[in-house]
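Novice: fold the following and give me the result.
(2 chains)
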Amino acid sequence: MLLEPRQHTPLWMTISAPIIAVAIVLILSGGLIAWAGAPLLDSYIALIVGAFGSKFAIAETLVRATPLILTGLAAAVAFRAKLWNIGGEGQLYAGALAVTYFGTGLIELPSFLMIPFLFFVGAVAGGLLLLFPALLKTKLKVDEVVTTLLLNFVVLLFANYLLFGPWKDPMAMGWPQGAPVIEQGILENLVAKTRLHAGLIFSVLAAVCMWLVMSKTKWGLEIRAVGHNQDAAKFAGIPINKTIIRTALISGGLAACAGVTEVAGTKEYLTLDISPGFGYTGIAVAMLAGLNPLGVILAALFFAGIYNGADSMSRAMNVSNYIADVITAGSLLMVMLAVMLTRMRIRLKG
Amino acid sequence: MDFLDMFLNIGFWAATIRMATPLIFGTLGELICERAGVLNLGIEGIMTTGAMVAWMWVYQGGDLWSAVLVAMIFGMLFGLLHSWFSVYMGLSQHVTGIGITMLSMALSYYSFRMLLPGVTTPPKIEPFENYAVPLLSDIPVLGEAMFNQSPLTYLAFILVGVVAYILYRTPAGLAVRMVGENPMAVEVQGIDVYRVRTAAVMLGSGLMAIGGAFLTISVFDAFYFDMVNGRGWICVALVIFASWRPGKALLGAVLFAAFDAIQIRVQQSSSTLIPYQFYLMMPYVFSILALIIMSRKAAYPKALLVPFRRGQR
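Specialist: Predicted coordinates:
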């Protein structure tokens, strides 16, 4: 079996490849749903209705998509530079910790200053957290995959310590949760009687900004060049290490903003389960989007829909909601494969 | 806490050896994959699968040794999947590995829920009993710590020698090391690079799964969600710490386990001084420090992470 590059890829193929890949995953996961003894068609209908079937469902899906857009962007930007940032989860909590530190009474500003300030300190915390592995990568050639991953555990344990210790809200009746974010720091609600908040607008704006940066600016060009071919980038006079550090600061900052939207928008206080693995799902989001910042919005909506839909399907049909994780992971792998096949042709004889 | 007391305590050393066991399996497995030029970040998920499958096998009435075999087979299947994506298709080993971890973990949890619906307290099984090696276990201190352990622990220690022997003394081992260093040269010899890599990744993944199985059918008697708890990632760090050598992998795993055992004991005796979360952080911080220290002399297999495409340079 041989793989050879295609001369050119037809547009229909580029567009349909991820869709076909996801369809295959949905068909395959049908086997698991059938195993649970649930009727397939009704289950998928329950999934779609649970994800997009009502005003409430749509709002919940958008709420869930908000942090996924940000962690997806974080992965997309870093992976473009072949900086394998697997630490989105830790960076998200770093952002959440920053919000809890600054946003629960330490500083009081009017809303229009307080909210940007919270995003700023959150992003700085996440950026600094990824700066350390990035420096280890550039200075000492320590593989960033392992270091970013290990830091996830460290940050979560640190958050655990704070919430069970000094930061525990005495008003929370024994639950490990932080003090509530002050009113000026809360992201405004967008639709009455839903949890939808202004974090969505922020994350979509962030996606548009990142798209502009990646496709229209010298920074974006440098990031892509470093990821594409380091030797060629070096030859062209692009400062490799500086670009990697800069990418790390942006990527860590974006992932941390997901922590900001969850604490200042969705929950309004910090708990240890603000993220059911948004940092890891962000990787799948980025791959499904083909590392394109605008595609990240759609991919995040898709995964958010799958999670919410699977939740209501599992309640209605008695199928374990781990089915959502199966679909996410399966999509990650199948989409990678499909995208590769749009660039390569398989020759069976070799 | 008197440190001297602790180091003279048989229980401490026995715990160290016990805690090193899953790390030895995992690190050896990862080492074999990486020696063949394939980073396998599926390890955390594959260990979870091994833990779940082995437990379920015994729970459904299978015997303990066949459970080890079944875990290994499931590990190898995910290894096959990983190598199909990363070796044959040449996709990014980083991302496929994460995908394999996510998929194997999700499938394990889903299956567990499916097979045992509505169970709140995890049911128990009868795990491996410790086997006291005759004569050797009579040696004071050392004997009791080393030679009154689970059979899987002995298997792990024996495997270190076996893997080292195969890697350095057999043609198959040479082929594995060569495809990790210079696949083109291997191809010229008429050896199929894809097959060697696939075999190595499958074998390595099988060992990882046994490491996971050790947790459920030897240490604990039940399967819990998140029970692998980052051990897989620690193994990835330990391979680098070991400079890709089985002997050093053993040393690293035991050192690391000793560190973990100290952490637990210190935590129990003086929990009022330093919050326990900081002790739990230590293994991860220690791993990062180990990576930094070893990075100076890290001699990566040269073809690690580089997909091989026949007829292409």
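Novice: chain center to stretch B:299-313, what's the gap?
Specialist: A distance of 24 Å separates the centroid of the chain from that of stretch B:299-313, by C-alpha atoms, centre = their mean, to the nearest Å.
Novice: contact partners of that stretch?
Specialist: Residues outside stretch B:299-313 that contact it (C-beta atoms under 8 Å, 6 or more residues apart in numbering or on different chains) are A:2-3, A:350, B:34-39, B:86-87, B:90-91, B:93-94, B:177, B:179-184, B:187, B:193-194, B:197, B:243-244. C-beta here means a position set from N, CA and C on the backbone, and glycine is covered the same way.
Novice: show the buried residues in these.
Specialist: A:3, B:34-39, B:86-87, B:90-91, B:93-94, B:177, B:179-181, B:183, B:187, B:193-194, B:197, B:244 (16 or more other C-beta atoms under 10 Å in any protein chain shown).
Novice: which residues in chain A form strands?
Specialist: Per DSSP state E, chain A carries strands over the ranges A:2-5, A:344-347.
Novice: redo these as CSV? Include distance to residue B:45 and mean pLDDT.
Specialist: As requested, the strands of chain A are exported to CSV (distance: least, C-beta to C-beta, whole Å; pLDDT from 0 to 100):
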stretch, distance to residue B:45, mean pLDDT
strand A:2-5, 26, 75
strand A:344-347, 27, 76
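Novice: can you lay out the ones you listed as CSV showing distance to chain B?
Specialist: Formatted as CSV, these follow (distance: least, C-beta to the nearest C-beta, whole Å):
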stretch, distance to chain B
strand A:2-5, 6
strand A:344-347, 8
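Novice: pick the most buried one from those.
Specialist: Across the strands of chain A, the average number of neighbours (mean count of other C-beta atoms under 10 Å in any protein chain shown) peaks for strand A:2-5, which reaches a mean of 14.
Novice: show me what that strand pairs with in its sheet, parallel or antiparallel.
Specialist: strand A:344-347 (antiparallel) (DSSP bridges).
Novice: show me the shaky parts of the chain.
Specialist: If you meant another chain, say so; for now it's chain A. A:1-2, A:348-350 (pLDDT under 70).
Novice: sorry, should have said chain B
Specialist: Across chain B (using pLDDT under 70), the flagged ranges come out as B:1-4, B:270-272, B:297-298, B:311-313.
Novice: and the strands in it?
Specialist: Taking DSSP E as the criterion, chain B carries its strands at B:131-132, B:148-149.
Novice: narrow the contacts of stretch B:299-313 to those in helices?
Specialist: With DSSP state H as the criterion, helices contain B:34-35, B:93-94, B:177, B:179-181, B:183-184, B:187, B:193-194, B:197 from among the contacts of stretch B:299-313.
Novice: farthest pair within those residues?
Specialist: By the measure C-beta to C-beta, B:94 and B:187 form the most distant pair in the ones in helices among the contacts of stretch B:299-313, at 24.3 Å.
Novice: any part of stretch B:71-87 near chain A?
Specialist: Yes: using C-beta under 8 Å from any C-beta of the partner chain, stretch B:71-87 comes into contact with chain A via residue B:85.
Novice: buried residues, that stretch. List them.
Specialist: B:71-72, B:74-87.
Novice: repeat for stretch A:32-45
Specialist: A:32-33, A:36, A:38, A:43-44.
Novice: and what of stretch A:128-148?
Specialist: A:128-130, A:132-138, A:142-148.
Novice: the helices in the chain, which residues?
Specialist: Went with chain A since none was named. A:11-35, A:40-52, A:55-80, A:88-103, A:111-140, A:144-164, A:199-216, A:218-228, A:230-235, A:240-261, A:278-288, A:293-317, A:323-343.
Novice: try again with chain B
Specialist: Using DSSP H, helices in chain B cover B:3-8, B:10-35, B:43-59, B:64-83, B:93-115, B:142-146, B:151-169, B:171-181, B:183-188, B:193-214, B:231-241, B:246-269, B:276-295.
Novice: and the fourth one, what does it pack against?
Specialist: Going back to what we said before, that points to helix B:64-83. If you count contacts as 3 or more C-beta pairs under 8 Å, 6 or more residues apart in numbering or on different chains; DSSP states H and E, helix B:64-83 packs onto helix B:43-59, helix B:93-115, helix B:193-214.
Novice: would you turn the strands of chain B into TSV with mean neighbour count and distance to residue A:237?
Specialist: TSV is the format used below for the strands of chain B (neighbours: other C-beta atoms under 10 Å in any protein chain shown; distance: least, C-beta to C-beta, whole Å):
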stretch	mean neighbour count	distance to residue A:237
strand B:131-132	14	65
strand B:148-149	20	59
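Novice: for those, give me JSON lines that also has distance to chain A.
Specialist: JSON lines is the format used below for the strands of chain B (distance: least, C-beta to the nearest C-beta, whole Å):
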{"stretch": "strand B:131-132", "distance to chain A": "34"}
{"stretch": "strand B:148-149", "distance to chain A": "28"}
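Novice: ok, which of those comes nearest residue A:199?
Specialist: Nearest to residue A:199 among those is strand B:148-149; the distance by C-beta to C-beta comes to 52.1 Å.
Novice: mind listing the strands that closest one pairs with, and their directions?
Specialist: In the sheet, strand B:148-149 lines up with strand B:131-132 (antiparallel) (DSSP bridges).
Novice: closest one to residue A:303 among the strands of chain B?
Specialist: Nearest to residue A:303, of those and by C-beta to C-beta, is strand B:148-149 at 44.2 Å.
Novice: run the chain-centre distance for that closest one.
Specialist: Using C-alpha atoms, centre = their mean, the offset of strand B:148-149 from its chain centre is 20 Å.
Novice: and the contacts of it?
Specialist: With C-beta under 8 Å, 6+ apart as the criterion, strand B:148-149 contacts B:14, B:17-18, B:21, B:130-133, B:137.
Novice: so residue A:126 sits right up against residue A:250, yeah?
Specialist: No: judged on C-beta atoms under 8 Å, residue A:126 makes no contact with residue A:250 at a distance of 9.9 Å.
Novice: got the residues of the stretch 201-313 of chain B near chain A?
Specialist: So the stretch 201-313 of chain B meets chain A at B:230, B:233, B:236-237, B:240, B:275, B:277-278, B:280-281, B:284-285, B:287-288, B:291-292, B:295-296, B:298, B:309-311 (C-beta under 8 Å from any C-beta).
Novice: change it to 10 Å
Specialist: For the stretch 201-313 of chain B, the residues in contact with chain A (C-beta under 10 Å from any C-beta of the partner chain) are B:225, B:229-230, B:232-234, B:236-237, B:239-240, B:274-288, B:291-296, B:298, B:300, B:304-305, B:307, B:309-312.
Novice: and those, which are buried?
Specialist: Applying 16+ other C-beta under 10 Å to those flags B:229-230, B:232-234, B:236-237, B:239-240, B:275-284, B:286-288, B:291, B:294-295, B:300, B:304-305, B:307, B:309 as buried.
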